[in-house]
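>>> show me how the following folds:
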Amino acid sequence: MIALILAGGVGSRFWPLSREDNPKQFLPIVSDDSMIRLTVDRLLKKVSIKDIYIVTAANQVELVKHHLPDLNPQNIIVEPFGMNTAPCIALSLAWLGNKYSENETMLVAAADHLIIDTKEFYNCVDIAQDVARQDMLVTFGITPTYPATSYGYIESGKPFGDKSFRVVSFKEKPDQETAKMYMGRGNFFWNSGMFIWNLKTIRKAFINLQPAIWDLLDKIKVDWLKYGRNSDFTSLYKQMPRLPVDIGIMEKSDNIAVIPSNFGWSDVGGWKALHDLSSKDKNNNVSKRDLLAIDSRDNYIFSDKLIGLIGINNLVIIETEDSLLIADKDRSEEVKKLVSYLKDNNLNGYL
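Got it, this is the predicted structure:
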C-alpha cells in the first residue's frame, strides 16, 4: 500500500502558535512530537517508509525534511503553493506516474489529525483495502459521539460487504438541529477526510469527472519531461480549480463506500478541541506550565510563564513571543477572522 499525507495547510485556527512558516502539522500540540511525525509513525505499522509520500507547498518542504529525516526527499511532492485537496491529490497521482501497479491501493490521510485507537484504525484500513480492490472509492466515516456542527457528514445506505456501506450522500456542516437529527438516524457519520482507493480507480475518476484538472496535469507532465521535476509549473497550477476532493470527485461518483469507524479520531480543529483532548486539572483547566487558579474553570492556557487566574472561566489564552490571544473557548475557532484581518491589513509579520 502507498500512503499519501496531505501536509500543505496553514492551520489558521491555531493562530498565534500556528504561523505560515511553521503551521499546525509541524507543531507538537498533542505530544512531544509534531503532528506530521505522529502521522508517519502511525502509518509505518502498515506502510514502508519508501512508500510514504508527503504532498506540501513549496515553502514547507524544508519543514518536512526537518521533521521527517528518514523520508527520502524524492517522496516529497511539491505544490508551488497550497491549493485544495483535489488538485494536490491529482498532482500526486501524476508525480507517481508508472512507479506502481494500477491495482496498488493508496491511503490518503491528513498530516494533522489524531487517532487514539491505532489497533482499530489498522483493522479499518484492512477492511477498506478489500473494498477498494472492488473498484470502489472508500472513505472512513467516524461514528459521531455528539451532534457536531463543525464536521461534514456522510449518509450511508445499503451494505457493501460485511463492514462497509454504499454512500448515499455527503452533507455539509449542519446546524445544531440537523446534527441532532443525523445522530438520531444512526446512518450518518462524520467525514474524516481519509480515503483508500486503487490508483486505477481514482485516476479514472479524475479523467471522467475533472477533465480540466487532468488536462492541466498532462501539460505539467510535459514540463517535467522537458525540464525535470523541479521545473516551474506555477502558471499551469494556478489554473487548477480550488476544489476539495469530496466535492470534485466523491460527491459526483456512484462507486463510493464508507467504513464506519470508531478509532478515536479527531481533526484537532482548534483550541477548544485541543482542550477536550488534553489532560486537565481538578477544575478542568489545561496549562502548558504552572498555573495558579482561584475560582477558575475550563480554561486552556499556552504560555511559558507562570499564569495566575482569578474568577476566569472557559477562556483560551495563548501567548507567543509577539502575540497574545484571549478568546471565549466556545468561540475560539473564530480566530480565523483575526487571521483574515491580519491578511487584509498587510500585518504579515504576525501571520
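>>> extract the C-alpha trace of the biggest helix by length in the chain and format it as CSV.
Longest helix in the chain, counting residues (DSSP state H): helix 211-227. What follows is helix 211-227, C-alpha atoms only, in CSV (Å, rounded to 0.1, in the frame of the first residue of the first chain):
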residue,chain,number,x,y,z
PRO,A,211,-11.1,16.5,-17.1
ALA,A,212,-9.9,20.1,-16.7
ILE,A,213,-7.6,19.1,-13.8
TRP,A,214,-6.3,16.1,-15.8
ASP,A,215,-5.7,18.1,-18.9
LEU,A,216,-3.6,20.6,-16.9
LEU,A,217,-1.7,17.7,-15.4
ASP,A,218,-0.8,16.4,-18.8
LYS,A,219,0.7,19.8,-19.6
ILE,A,220,2.6,19.7,-16.3
LYS,A,221,4.0,16.3,-17.1
VAL,A,222,5.3,17.6,-20.4
ASP,A,223,7.2,20.3,-18.5
TRP,A,224,8.6,17.6,-16.2
LEU,A,225,9.8,15.6,-19.2
LYS,A,226,11.5,18.6,-20.7
TYR,A,227,12.9,20.3,-17.7
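>>> now do that helix: which elements does it pack against?
helix 85-96, helix 199-209, helix 234-237 (3 or more C-beta pairs under 8 Å, 6 or more residues apart in numbering; DSSP states H and E). (C-beta placed from N, C-alpha, C; glycine too.)
>>> contacts for the first one?
Outside of helix 85-96, the residues within contact range by C-beta atoms under 8 Å, 6 or more residues apart in numbering are 2, 4, 6, 8, 53, 55, 77, 79, 82, 108, 193, 199, 202-203, 206, 210, 213-214, 217, 220-221, 229, 237, 240-249.
>>> sorry, back to before: winner for burial among the helices and strands packed on helix 211-227?
Comparing those by mean neighbour count (mean count of other C-beta atoms under 10 Å), helix 85-96 comes out on top with a mean of 22.
>>> before we move on, the earlier item: buried stuff in the longest helix of the chain?
Buried residues in helix 211-227, counted by 16 or more other C-beta atoms under 10 Å: 213-214, 216-217, 220.
>>> need those in JSON lines with distance to residue 42 and pLDDT, can you?
As requested, the buried residues of helix 211-227 are arranged in JSON lines below (distance: C-beta to C-beta, whole Å; pLDDT from 0 to 100):
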{"residue": "213", "distance to residue 42": "29", "pLDDT": "95"}
{"residue": "214", "distance to residue 42": "31", "pLDDT": "93"}
{"residue": "216", "distance to residue 42": "33", "pLDDT": "95"}
{"residue": "217", "distance to residue 42": "29", "pLDDT": "93"}
{"residue": "220", "distance to residue 42": "31", "pLDDT": "93"}
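>>> and which of these is nearest residue 337?
Taking C-beta to C-beta as the measure, residue 337 sits nearest to residue 213 out of the buried residues of helix 211-227, at 30.9 Å.
>>> thought the closest one was touching residue 239?
No. Taking C-beta atoms under 8 Å as the contact criterion, residue 213 and residue 239 are not neighbours in contact, 9.4 Å apart.
>>> joint contacts of those two?
Common contact partners of residue 213 and residue 239 (C-beta under 8 Å, 6+ apart): none.
>>> so what touches stretch 239-249?
83-87, 89, 137, 152, 170, 191, 193, 195, 202, 205-206, 209-210, 212-213, 216.
>>> same check on stretch 339-351?
12, 15-16, 19-20, 322-323.
>>> please spell out the ChimeraX selection for the buried subset of the residues you listed.
Buried subset of the contacts of stretch 339-351, written as a ChimeraX selection, criterion 16+ other C-beta under 10 Å:
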select :12,15,16,19,20
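>>> how is residue 138 assigned, secondary-structure-wise?
strand (DSSP: H, G, I helix; E, B strand; the rest coil).
>>> against residue 195, how distant is it?
Using C-beta to C-beta, to the nearest Å, we find residue 138 at a distance of 6 Å from residue 195.
>>> pick out whichever of these two has more residues nearby.
residue 138 (30 against 24; other C-beta atoms under 10 Å).
>>> show the contacting residues for the closest residue to residue 284 other than its chain neighbours.
For residue 284, ignoring the flanking residues on the chain, the nearest one in space by C-beta to C-beta, 6 or more residues apart in numbering is residue 298 at 4.7 Å. Residue 298 is in contact with 275, 283-285, 313-314, 329, counting by C-beta under 8 Å, 6+ apart.
>>> for residue 133, which non-adjacent residue is spatially closest?
residue 198 (6.6 Å).
>>> my guess is that neighbour contacts residue 100. True?
No. Contact criterion C-beta under 8 Å: residue 198 and residue 100 do not qualify, at 10.1 Å.
>>> more neighbours, these two?
More crowded of residue 198 and residue 100, by other C-beta under 10 Å: residue 198, with 22 against 14.
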